[in-house]
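*Asks:* structure, please.
(chains A, B, C and D)
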There are 2 protein chains.
Amino acid sequence: MVRVPLTPQDHERGRRLGEVLRAARGPRSMTSVATAVGMSPETLRKIETGRVPTPAFFTVVTLCTELGVPLDQLADRCAADDPAEPRSA
Amino acid sequence: MVRVPLTPQDHERGRRLGEVLRAARGPRSMTSVATAVGMSPETLRKIETGRVPTPAFFTVVTLCTELGVPLDQLADRCAADDPAEPRSA
DNA sequence: AGTTATCCCGGTATTAGTATCACGGTCATG
DNA sequence: CATGACCGTGATACTAATACCGGGATAACT
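*Replies:* Below is the predicted model of the structure:
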């Protein structure tokens, strides 16, 4: 066991992450946002659809900066419905 | 070119990320923090020393939650000295 | 109907993140 | 000195993230 595979909870969390980001994108097109932050539309789509549950930190940071989403709020909304790790409480 | 290698700027940013996290850890030992957040001490060490410039998003989130570092502040401090992308200005 | 633009999905290739193992160094304690 | 705890580094193994390529579906517009 060298690298633990992502758990279903991780995927669930990734789905919520994608939902928040998609909602924040609003009417803007994937392509324009992806181009603005310097990443491929494929990657953005995978993140939004939750197929990439744990993107790189700065990928999310750049995305949030572009979309005007506070990182703390994003993290909070992703972990909010996750009863597995209520350590913040 | 299927996956662009990390640029020197990425490594620089990762080093700053590690510095901030290490400073936030304070007198606590790596092992205790790593155990608290459920990751191996080796990984935490690599993040703090900047040898892992772009960790997974939730890895940083969990770490910040444990260390009490606001994500927005962390991202800001990492990108502060980076003249390559002053898009937030 | 043709074109364009957006979204979705599959596969493939390459790099990066994470975990384990192993060795070495330092410091405190016995 | 021996032992243990902590930090640092290197190698290795395996999975995940990212980018590119192909195809397809829907809608708007000419």
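
*Asks:* show me where chain A has strands.
*Replies:* In chain order, chain A shows no strands, with DSSP state E as the criterion.

*Asks:* report the central residue of it.
*Replies:* The centre of chain A sits closest to A:L17, judged by CA atoms, centre = their mean, with a distance of 3.6 Å.

*Asks:* residues in contact with the residue lying closest to that residue once chain neighbours are set aside?
*Replies:* Spatial nearest neighbour of A:L17, chain neighbours left out: A:C78 (4.9 Å); criterion: CB to CB, 6 or more residues apart in numbering or on different chains. The way it works is simple: take the backbone N, C-alpha and C, and place the C-beta from them, glycine included. If you count contacts by CB atoms under 8 Å, 6 or more residues apart in numbering or on different chains, A:C78 has them with A:13, A:16-17, A:20, B:58, B:61.

*Asks:* okay, A:C78 and A:G14: tell me how far apart.
*Replies:* 8 Å (CB to CB, to the nearest Å).

*Asks:* could you do A:T49 as well?
*Replies:* As it turns out, when the distance is counted by CB to CB, A:T49 lies 9 Å from A:G14.

*Asks:* more neighbours, the two?
*Replies:* A:G14 (23 against 13; other CB atoms under 10 Å in any protein chain shown).

*Asks:* which residue, other than its chain neighbours, is closest to the more buried one?
*Replies:* In space, A:G14 comes closest to A:P53 once its chain neighbours are excluded; the distance is 2.6 Å by CB to CB, 6+ apart.

*Asks:* can you check the pLDDT for the one you found?
*Replies:* Note for A:P53: predicted pLDDT of 91.

*Asks:* in contact with it: list those residues for me.
*Replies:* A:P53 sits next to A:6, A:10-11, A:13-15, A:17 when contact means CB under 8 Å, 6+ apart.

*Asks:* kindly report the same for A:C64.
*Replies:* A:21, A:24, A:70-71, A:74, B:75.

*Asks:* for ChimeraX, write the select line for the buried members of these.
*Replies:* Buried members of the contacts of A:C64, identified by 16 or more other CB atoms under 10 Å in any protein chain shown, are gathered into one ChimeraX selection as follows:
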select /A:21,24,71,74 /B:75
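
*Asks:* that concludes my questions; thank you for your assistance.
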